[in-house]
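Colleague: turn this into a structure:
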Amino acid sequence: MPICIAPNHCRATRKRGPPAHLTCWPSWGRRCYPPPRPDARPLSKVFAQLPSPQRLTMLPAPAFIVSLHDAHPGSFAQITEQVESLAAWGVPVTSVLVIPHYHHLEPTESATAFTARLSEWQAAGHELVLHGYYHDRQGLTDKVGDLFWTRLYTSREAEFLDLEPAQAQARLDDGSALFQRHGWRREGFIAPAWLMALHLPQLLGRLGFTYTNTVAGILRLSAAAEPAEPRFIPARSLCYSTRAAWRRTTSLGWNAWLHAQMLRGQGAPIVRLSLHPNDFRYPRIRTQIARVVEKTLAAGYVPCTYADYVRREA
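Modeller: Got it, this is the predicted structure:
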């Protein structure tokens, strides 16, 4: 049964009757994906009906997925610090989101020390994930209806929000070629800011990607000639916005509340933690991240990558 993730943000839920959608995607309040259904349930009710402790012992361990966003030559030192700190805290594997040509600056391929380290991380069990191509909107026109997402929610970084299929495929092909040249396994694609055009999941499936995700969950993809609708796995991510003091304060409060909800009772089946290069610059945020990791591991969650989880659930 589908789960209503954001009933207060979608026009479908303003009609009479129960929430009528799974999750709004690519952006809340614009359109629903998958198409509205009348039998969605609030997430809190789903948590309350998780299996009993006896049945939980027969299921795979709950997953703890930490993703490191925006890996590029300019963030090399920050990502390295995060990898090392997480390992010291008990998280030996992460999903590292690689940008091939961040903001049209130094290409990833030209930074040999960086690409060598990425290869080392993959060999150690980390996953490398294609994360956009440029991670900006250079050369793209912002539609009036998208200004919130392109100018406020992001700082003109929603690269795949409205790319035409041919443009999207060209960038995906170029990014895939980078992975192939370096011998990096290419299983997932995550759009910058999790914002993507509605046609993108089926295109990703045709190109052989096994998953993508949004801030609200994971989408398992199909590689069939006529792909089925992606399977949506609800799992909202903890993440931080650090561009302004009010954003940092809000993020701290929101993530403290959300993480507590995830661990209540029998716990959510997945805890996702998405980090960006600047997160460790702020002591209060770094401290909260360390506590989230400690509490999640203490609750029995097992670190894994997105690719590990999707293969497990296949």
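Colleague: what's in contact with the longest strand along the chain?
Modeller: When the chain is parsed with DSSP state E, its longest strand is strand 63-71. Contact with strand 63-71 is made by 79, 82-83, 86, 91, 94-99, 102, 118, 129, 131, 135, 190, 235, 237, 269-277, 293, 296-297, 301-306, 308-309, 312, as judged by CB atoms under 8 Å, 6 or more residues apart in numbering. Yep, even glycine has a C-beta here, placed from its N, CA and C like the rest.
Colleague: from the residues you listed, which ones fall inside helices?
Modeller: I79, Q82, V83, L86, L118, V293, T296, L297, Y306, D308, Y309, R312 (DSSP state H).
Colleague: wait, which of those is closest to T212?
Modeller: Among these, Y306 lies closest to T212 (CB to CB), at 9.4 Å.
Colleague: spatially, and excluding backbone neighbours, which residue is closest to the closest one.
Modeller: Nearest non-adjacent residue to Y306, counting by CB to CB, 6 or more residues apart in numbering: S95, 4.8 Å away.
Colleague: and the one you found, how many neighbours?
Modeller: A count of nearby residues for S95, using other CB atoms under 10 Å, gives 26.
Colleague: if we can go back for a sec, just put the ones in helices among the contacts of strand 63-71 in TSV and tack on neighbour count.
Modeller: Converted to TSV, the ones in helices among the contacts of strand 63-71 look like this (neighbours: other CB atoms under 10 Å):
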residue	neighbour count
I79	25
Q82	24
V83	22
L86	21
L118	22
V293	22
T296	24
L297	16
Y306	24
D308	18
Y309	24
R312	11
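Colleague: sort those by pLDDT and name the bottom one.
Modeller: Within the set of the ones in helices among the contacts of strand 63-71, pLDDT is lowest for R312 (91).
Colleague: dump the residue contacts of L172.
Modeller: L130, Y133, F189, L203, L204, L207.
Colleague: give the contact list for T210.
Modeller: Neighbours of T210 in contact, by CB under 8 Å, 6+ apart: E187, G188, R220, L221, A223, A307, V310, R311.
Colleague: hmm, back to that, centre of the chain to the longest strand of the chain, how far?
Modeller: Centroid separation for strand 63-71 versus its chain: 8 Å, with CA atoms, centre = their mean, to the nearest Å.
Colleague: now that strand against helix 306-313, angle please.
Modeller: Orientation of strand 63-71 against helix 306-313 (axes from the mean of the first three to the mean of the last three CA atoms, to 10 degrees) gives an angle of 150 degrees.
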